[in-house]
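Undergrad: Sequence first, predicted coordinates after that:
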Amino acid sequence: MKRSYFLFPFVAILLWAGNVIVSKLSAHTIDPSAITFYRLLLAVALMSLFTLKPAWRNRAAIVPQLPKLAVLGFLAMALFQSLSYEAAKTTTATNMSIITALVPLMTMVASTLLLGEAPTSGMVGGGVLSLVGVVYLITQGKPAMLLDNGAHLGDLLMIFAALAYALYGVLLKRWHVGLPSWQSTYLQALFALLFMLPMLLRLPAAEAVPTRASVPLVLYAGVLASVVLPFLWMQGVKHLGPNRCALFMNVLPIATALIAIAMLGETLHPYHLLGGGTALVGVIVAQMFRRPAAEVAARQ
């Protein structure tokens, strides 16, 4: 295995971190529905250059999978992105990235609930750690605030976005549409674009068109985050496997926090380190200890 293969998921995560920063920059620049629509429009246009013809030739295999691709596209590319952009209005980039990094753990839990997979010892222990860490994070180190004032809207929206992406991962595994990765991604993006069209049309004309300030954000999201990032991630999975690549999700909060401090002037507080760190340790524990919890309990 070449060490250079590790650059694929690492650079992909750096681009993902940049996309979180773009989400923050777009919060008061362009409507969440608008940037989601235009990034998808740009991504679909680019992917059409190299995916449309192969997809057309493969239409006999694609047509039966269209309903599933529609659901997958809605969850990962319409709902997740829209909620993320909305969340960026009222939470920090650091919080967004920490909650996003919980997706692998959420996917494990969802697989247990929806697919009947046996819970692992790591998932049980790591889940508790991550829950404690997230509560500490979103209450800014004061868990009692959760009972008095609740959580910030942005953090809650980001949690729902992460849950949507986790459900996407479970359905992707369960349905196994059996299409080439680019064709699957292309069709999901196309369906997501259709879902976002009514959301764009409901906006006043002045808010529905990108401005000079928002065009660079749309370009980053539509090209780097929607086309280049998936390419790098697919290459990483191809050469390293999905489990090794999943570990790189833990780099996302670190990279995002560093960029947010430099570009957005965000401050890294102790509750970020304690709460976020605990949550990420929980994710690592879940990924490392994969023996069924029932088996571990029986041996004790």
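TA: Yep, it's here.

Undergrad: the strands in the chain, which residues?
TA: With DSSP state E as the definition, the chain shows no strands.

Undergrad: remind me which residues of it are low pLDDT?
TA: Flagging of the chain using pLDDT under 70 yields the residue ranges 1, 146-151, 293-300.

Undergrad: for it, longest helix please?
TA: Criterion DSSP state H: the longest helix present in the chain is helix 32-57.

Undergrad: who does that helix touch, helix- and strand-wise?
TA: Secondary-structure packing of helix 32-57 (3 or more Cβ pairs under 8 Å, 6 or more residues apart in numbering; DSSP states H and E): helix 80-87, helix 181-201, helix 215-219. The way it works is simple: take the backbone N, C-alpha and C, and place the C-beta from them, glycine included.

Undergrad: Which among these is found nearest to residue 242?
TA: With Cβ to Cβ as the measure, helix 181-201 is the member of the helices and strands packed on helix 32-57 nearest residue 242 (12.0 Å).

Undergrad: who's in contact with the closest one?
TA: 33-34, 36-37, 40-41, 43-44, 47-48, 50-52, 54-55, 58, 62, 66, 69-70, 72-74, 76-78, 81-82, 177, 179, 208, 226, 230, 234 (Cβ atoms under 8 Å, 6 or more residues apart in numbering).

Undergrad: now swap in stretch 122-141 and tell me
TA: Contacts of stretch 122-141 (Cβ under 8 Å, 6+ apart): 95, 98-99, 102, 105, 108-109, 112, 143, 145-146, 151-152, 155, 159, 269-272, 274-291, 293.

Undergrad: what comes up buried for stretch 83-95?
TA: By 16 or more other Cβ atoms under 10 Å, the buried positions in stretch 83-95 come out as 83, 84, 85, 86, 87, 88, 91, 92, 93, 94, 95.

Undergrad: Touching that stretch from outside, list them.
TA: 20-21, 23-24, 26-28, 32, 35-36, 96, 100, 137-138, 152-155, 157-158, 160-161, 164, 253, 256-257, 259-260, 264, 266, 268, 272, 276.

Undergrad: again, only using 7 Å
TA: 20-21, 23-24, 26-27, 32, 35-36, 96, 137, 152-155, 157-158, 160-161, 164, 253, 256-257, 260, 264, 266, 268, 272 (Cβ atoms under 7 Å, 6 or more residues apart in numbering).
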